[in-house]
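In: okay, here's the prediction I keep looking at, along with the sequence it came from:
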Amino acid sequence: AAGVIQSPRHLIKEKRETATLKCYPIPRHDTVYWYQQGPGQDPQFLISFYEKMQSDKGSIPDRFSAQQFSDYHSELNMSSLELGDSALYFCASSLEESGAYEQYFGPGTRLTVT
Amino acid sequence: RKEVEQDPGPFNVPEGATVAFNCTYSNSASQSFFWYRQDCRKEPKLLMSVYSSGNEDGRFTAQLNRASQYISLLIRDSKLSDSATYLCVVNPGRNTDKLIFGTGTRLQVFP
């Protein structure tokens, strides 16, 4: 079965640079979530989108923005990168109408800021 | 205090053993509950949802006690491939569909 696709899988950036992470949800899934997992930490919710509209917002820095496009893929834009932004960034998707809140995660993008 | 708490372990058990993990959550309005497993440096994978009536999937059994705000996962006949970190995950409700993760319980199954 098709899974969540994320690109790139690895990204190395310098401080103050920008980065764009992409997420392609499971086909027919209408909701996309972004999570950040720092070294040795549990995943922290950043932001979510349902039917191309922001549905919830967590601990996402103002330097980050995201959107969901008409084909349901999503992009997380990160500007003025800091060393502390180095982490695994996971995208997850779900089917809202199922009501089960089961989220399926992509393989993640490992961002390293130097 | 974290919203979802787990014993970090590690739990070191021999193949074939039965092992149980526990988890507590602080928000009584929480709506949905899950167990995910995560292998080192990989994505969390949904193991099973947890229902009030309890549910079983092969060697895995999950229980939810809403009154005590307690969730459990039982693994029978442990396999080497069960070695991973098991994450207790909660949807807090309150018009949000985000997930709150526990810090995970590390399981190591040895031959």
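Out: Cool, the structure landed.

In: list the buried ones in stretch B:1-11?
Out: B:4, B:6, B:11 (16 or more other Cβ atoms under 10 Å in any protein chain shown). For glycine as for every other residue, the C-beta is placed from the backbone atoms N, C-alpha and C.

In: let me fix that, I meant to ask about stretch A:86-99.
Out: A:86-95.

In: near chain B, list only the ones from those.
Out: A:88, A:90, A:92, A:94 (Cβ under 8 Å from any Cβ of the partner chain).

In: wait, what's in contact with A:Ser70?
Out: A:Ser70 is in contact with A:Lys52, counting by Cβ atoms under 8 Å, 6 or more residues apart in numbering or on different chains.

In: in a strand, A:Cys23, correct?
Out: Yes - counting by DSSP: H, G, I helix; E, B strand; the rest coil, A:Cys23 falls inside a strand.

In: please name the residues that touch it.
Out: A:4-6, A:32, A:34, A:73-76, A:91, A:93, A:106.

In: can we see that at 7 Å?
Out: A:4, A:6, A:32, A:73-74, A:91, A:106 (Cβ atoms under 7 Å, 6 or more residues apart in numbering or on different chains).

In: show me what the closest residue to it other than its chain neighbours is bridged to.
Out: Distances taken as Cβ to Cβ, 6 or more residues apart in numbering or on different chains place A:Cys91 nearest to A:Cys23, at 3.3 Å, with adjacent residues excluded. Beta-bridge pairing for A:Cys91 (DSSP bridges): A:Trp34.

In: would you confirm that A:Cys91 contacts A:Trp34?
Out: Yes - under the criterion of Cβ atoms under 7 Å, A:Cys91 makes contact with A:Trp34 at 5.8 Å.

In: can you tell me how far the residue nearest the centre of chain A is from A:Gln103?
Out: By Cα atoms, centre = their mean, chain A has its centre lying nearest to A:Trp34, at 3.1 Å. The gap separating A:Trp34 from A:Gln103 is 11 Å, by Cβ to Cβ, to the nearest Å.
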